[in-house]
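Participant: Fold the following for me, if possible:
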Amino acid sequence: MRGQHGTSHTHTHTRSGTHGEGGSDGGSGGASLGQGRAGPGRSRAKRRTRARARARTWAALAAAGALTLTACGNGGAAEDPPPPGAESTAGQRVELPKLPGEKLAVAAVWTGPEQENFTKVLKEFEKRTGATVTFVPAQDPIVTFLGSKIAGGQPPDVALLPQVGALVSAVKNKWAQPVGPEAQAQLDKNYSGGWKSLGAVEGTQYGVYYKAANKSLIWYNAKAFEAAGVQPPTTWKELLTAADTLSASGTPAVSVAGADGWTLTDWFENVYLSQAGPEKYDQLAKHQIKWTDDSVKQALTTLGELFGRKDFLAGGQSGALATEFPKSVTQTFTGGDRPAAAMVYEGDFVAVNIAQTEAKVGEDALVFPFPAVGSKPPVVSGGDVAVALKPSKGAQALLTFLASPDAAEIQARAGGFVSPNKAVSPAAYPNDIQREIAKALIAAGDDFRFDMSDQAPAAFGGTPGSGEWKALQDFLANPSDVAGAQAKLEAEAAKAYGG
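Facilitator: This is a model prediction of the structure:
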């Protein structure tokens, strides 16, 4: 998922979340861990049941945002104590084979602190198995990156893919290996059916969703809100009013990472899901309706109410288009009384980048759910899926480890990470904000809407400088041209989906 890529992009891609447009030079061999681098027959009753389930999910995840505000109101420090009675995260709960002398390469689009935090997980795997693991910085589109590695005879043993579409491509290209019995046992024990099915292609399990993301959050600078006398908005209209007040106070309202096209897809998806509803969302995700549909026009017009105001955006439209994801976060929480912006939109993984500043999550950096554009606030999730590209014992052992709570809790403790693993202790999360986001994700069970662009073919939803990413960057540059944006989006989608 980009997002995760954010620090790089999980858009958890997870775009997961999470992703900058990629990482370091993907052509290099990577960094050694030792160096510290890192249908028709469906009944109405079933439909009503699912509708009720979805409503519960919307409520649960929206409530998570409300809970985070409660937690924020406590003025808690970045590192809160575990909740009373929380189970200990100590001890090993998965048995791994001994792999002395075995060497593994693991590729992901994560960079910076996100890469460093994942490296801690890989080091623990090394410690338990005796294997040596090298992290290989990948680039978007990851399918192209992996294709070049495979063509050159150097495929990584395991790759973490930020898009469902990338997993499907890996399987169709016959690169991916089905998960082994040990990893499947961990999945069956620790994951809901929804997350397992996302890692399966045509009924065969290939992937382990290691990282998830709630991509319907807006983070804000507490001092900027206080100075302008603004309260967290709950509706789109209230968001625009708050943006007007903030900008009039001298602080641009929003920091937009326009240089990273995946963030713009996430903005669109939240507006579209809330405004058009889940059924239309699912249809557009599968290209069963065209991007020239009136629902897309409405969503882009709505988004243009924010993007079209130069004074609302840090640096205006041109500044936004030059801003990469990590900077979009850090510039919102630096600069003292004059931050570059008061708000930044993206998933829970934003906390990783906030940690690169002096701001404290829960104190200086607060969060609220993405405002309702329609009748309900949106809940969009993302994630990164681990898949074995070699039929080796080591690759399967790593998938087993990544499907266990032992691995997830290591990265959870570092912050800016949410696991879909039901066995992960809430005590592993470093503060109440992330703890509540994680608990709400698990409470949602199988009912959630996955990031739309991550479901699309990579040529449309996962490629820098082309497809949806580029079309939405062009829209950001000229938000008044809704019809032009729709035409570009539909032309690109038709090519990628095959008509």
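Participant: Could you use CA atoms for every contact and neighbour count after this?
Facilitator: Fine.
Participant: Where does pLDDT dip in the protein?
Facilitator: Scanning the chain for pLDDT under 70 picks out the ranges 1-90, 447, 499.
Participant: Quick one: the strands in it, in order.
Facilitator: Counting by DSSP state E, the chain has strands at residues 31-32, 103-108, 132-137, 158-161, 200-201, 204-205, 207-214, 217-221, 254-255, 343-345, 365-369, 380-388, 449-450.
Participant: List the neighbouring strands of the fifth one plus their orientation.
Facilitator: What that stands for is strand 200-201. Using DSSP bridges, the strands paired with strand 200-201 are strand 204-205 (antiparallel).
Participant: With the third one instead?
Facilitator: As defined by DSSP bridges, the strand partners of strand 132-137 come to strand 31-32 (antiparallel), strand 103-108 (parallel).
Participant: With respect to burial, which of those scores highest?
Facilitator: Stretch with highest mean neighbour count among the strands paired with strand 132-137: strand 103-108 (a mean of 22; mean count of other CA atoms under 10 Å).
Participant: Give me the contact list for it.
Facilitator: 131-139, 156-161, 394-395 (CA atoms under 8 Å, 6 or more residues apart in numbering).
Participant: Settle this for me: Asn353 is touching Thr332, isn't it.
Facilitator: No. The pair Asn353 / Thr332 is not scored as a contact, 10.5 Å apart, by CA atoms under 8 Å.
Participant: more crowded one of the two?
Facilitator: Comparing Asn353 with Thr332 by other CA atoms under 10 Å, the one with more neighbours is Thr332, at 30 against 23.
Participant: so who does the spatially closest residue to that one that is not a sequence neighbour touch?
Facilitator: Of all residues not flanking Thr332 in the chain, Ala341 sits nearest, at 5.0 Å (CA to CA, 6 or more residues apart in numbering). Residues near Ala341 by CA under 8 Å, 6+ apart: 251-255, 313-314, 331-332.
Participant: Show me which residues of stretch 241-258 are buried.
Facilitator: 242-247, 251-258 (16 or more other CA atoms under 10 Å).
Participant: so how far is that stretch off the chain centroid?
Facilitator: Centroid separation for stretch 241-258 versus its chain: 24 Å, with CA atoms, centre = their mean, to the nearest Å.
Participant: can you tell me the distance between the two ends of that stretch?
Facilitator: With CA to CA, to the nearest Å as the measure, stretch 241-258 spans 22 Å from end to end.
Participant: and for that stretch, what are the contacting residues?
Facilitator: Counting by CA under 8 Å, 6+ apart, 224-225, 228, 230-231, 233, 263-264, 311-314, 320-325, 327-329, 331-332, 338-345, 473, 476 sit against stretch 241-258.
Participant: which among those end up buried?
Facilitator: Applying 16+ other CA under 10 Å to those flags 224-225, 228, 230, 233, 263-264, 311-314, 320-325, 327-329, 331-332, 338-345, 473, 476 as buried.
Participant: Hmm, Asp454 and Glu269 touching each other?
Facilitator: No. If you go by CA under 8 Å, Glu269 and Asp454 don't touch, sitting 10.9 Å apart.
Participant: In CSV, list the contacts of Ala341 along with distance to Ala428.
Facilitator: What follows is the contacts of Ala341, written out as CSV (distance: CA to CA, whole Å):
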residue, distance to Ala428
Thr251, 36
Pro252, 35
Ala253, 33
Val254, 31
Ser255, 30
Leu313, 36
Ala314, 35
Gln331, 28
Thr332, 27
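Participant: which of those residues lies closest to Val418?
Facilitator: Closest approach to Val418 among these (CA to CA): Thr332, at 22.3 Å.
Participant: For Leu240, give me its contacts.
Facilitator: 305-306 are the contacts of Leu240 under CA under 8 Å, 6+ apart.
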